[in-house]
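**Student:** okay, predicted coordinates and the sequence, questions at the end:
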Amino acid sequence: MEPKLLTADRFVDPHTGCSYRYIYSDTEYFRPHFHDYYEIFVLLDGCAHHFINESDVILQKGTVVLIRPADTHDYLCVNGEPFSMLNFTFTQETAHALFDYLGDGFSSASLLGAKYPPSNLFSEKDFAWLNAQMTAIRVIPPTNTAALKTALRILLFRLLVKCFSDFSETGDRPDEMPAWLSDLCNEMRKSENFVYGIERMVELSGRSREHVARTLKRYTGQTLSAFINDMRLTFVANMLKNSNHSISHILFESGFNNVSWASELFRKKYGTTMRDFRNG
């Protein structure tokens, strides 16, 4: 079947530049299509075949996908079982305004240039957060377009940052990081965890060290020590620029207990000493 072009003038509210819609597979007709606008959808229940850019990916509950203009896709139930999704559509103007605001530090070029649409997986905590956001949005009167526009744009901003700020394309086919690993990485970004290093990471995972190491390497390309040290070094760099704490105190706060080793790692990452970095 020839893909159909869906246009923003039909599927995006012109007053707000973005819209949302709850979709149930048993009452929706799906066909191959592409857009002249952006879309983020979250699979709320069930599983679905997602036929995307000539590939078939099985989506599970909690999958979040960013569809770019010209991505061609379609859906099909798995074993005939229904599924449901929450769909956000927004104009190219809205998307590019958000990308511009987020700046060069956001991975918009990678998001837009990837062969397959960027995706992520929500945890139960993420689900609760999204439901709370949508509950607040759904009680805004439809006639109050200004409030609705602001609320939807805030949510789109948060979804982009929460789900896609660390995006990098790793292969020829979409390969989603397991939810447990995504949650674990987020937990390890907290200072009360990364200061305790690999042991804390393994403890929080509930899995063997070998399994965590192997899975982390597959999805991030990093070893356990490199992953932990990278977070510690980022913490150190930020504290050097944004505090008057001594270098030794900052290193202690970060979890490094070997000054010379930390100094070597810092120089490799930033190309200078910690003292020169602070004074630069």
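**Tutor:** That came through, no problem. Numbers count the residues shown, from 1 in each chain.
**Student:** now for the residue nearest the centre of the chain: which residues touch it?
**Tutor:** For the chain, the residue nearest the mean C-alpha position is C163 (1.8 Å; C-alpha atoms, centre = their mean). For C163, the contacting residues are I40, V64, L66, P118, N120, by C-beta atoms under 8 Å, 6 or more residues apart in numbering. For the C-beta atoms, the positions are set from N, CA and C on the backbone; glycine is no exception.
**Student:** let me see the confidence value for it.
**Tutor:** For C163, the pLDDT comes out at 87.
**Student:** same check, this time on the one 4 residues further on
**Tutor:** Each residue has a pLDDT score; the one for F167 is 70.
**Student:** one more: the one 4 residues further on?
**Tutor:** Note for G171: predicted pLDDT of 42.
**Student:** for the host helix or strand of D126, which positions count as buried?
**Tutor:** In the assignment (DSSP states H and E), D126 maps to helix 124-138. Residues of helix 124-138 classed as buried: D126, L130, Q133, M134 (neighbour count, 16 or more other C-beta atoms under 10 Å).
**Student:** helices along the stretch 101-250 of the chain, start to end?
**Tutor:** Residue ranges of the helices in the stretch 101-250 of the chain, as given by DSSP state H, counting those that start in this stretch, are 108-113, 124-138, 145-164, 179-188, 191-194, 197-205, 209-220, 224-242, 247-254.
**Student:** can I get the ones you listed in JSON lines with distance to D36?
**Tutor:** Formatted as JSON lines, those follow (distance: least, C-beta to C-beta, whole Å):
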{"stretch": "helix 108-113", "distance to D36": "14"}
{"stretch": "helix 124-138", "distance to D36": "24"}
{"stretch": "helix 145-164", "distance to D36": "17"}
{"stretch": "helix 179-188", "distance to D36": "31"}
{"stretch": "helix 191-194", "distance to D36": "43"}
{"stretch": "helix 197-205", "distance to D36": "43"}
{"stretch": "helix 209-220", "distance to D36": "33"}
{"stretch": "helix 224-242", "distance to D36": "38"}
{"stretch": "helix 247-254", "distance to D36": "47"}
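**Student:** closest to T273 out of the ones you listed?
**Tutor:** helix 247-254 (9.5 Å; C-beta to C-beta).
**Student:** other SSEs contacting that closest one?
**Tutor:** Helices and strands touching helix 247-254, by 3 or more C-beta pairs under 8 Å, 6 or more residues apart in numbering; DSSP states H and E, are helix 191-194, helix 224-242, helix 259-270, helix 274-279.
**Student:** for the nearest residue to L130 once chain neighbours are set aside, give me its contacts.
**Tutor:** Nearest residue to L130 in three dimensions, chain neighbours excluded: V42, at 6.6 Å (C-beta to C-beta, 6 or more residues apart in numbering). V42 makes contact with G62, T63, V64, M85, L86, F122, L130 under the criterion C-beta under 8 Å, 6+ apart.
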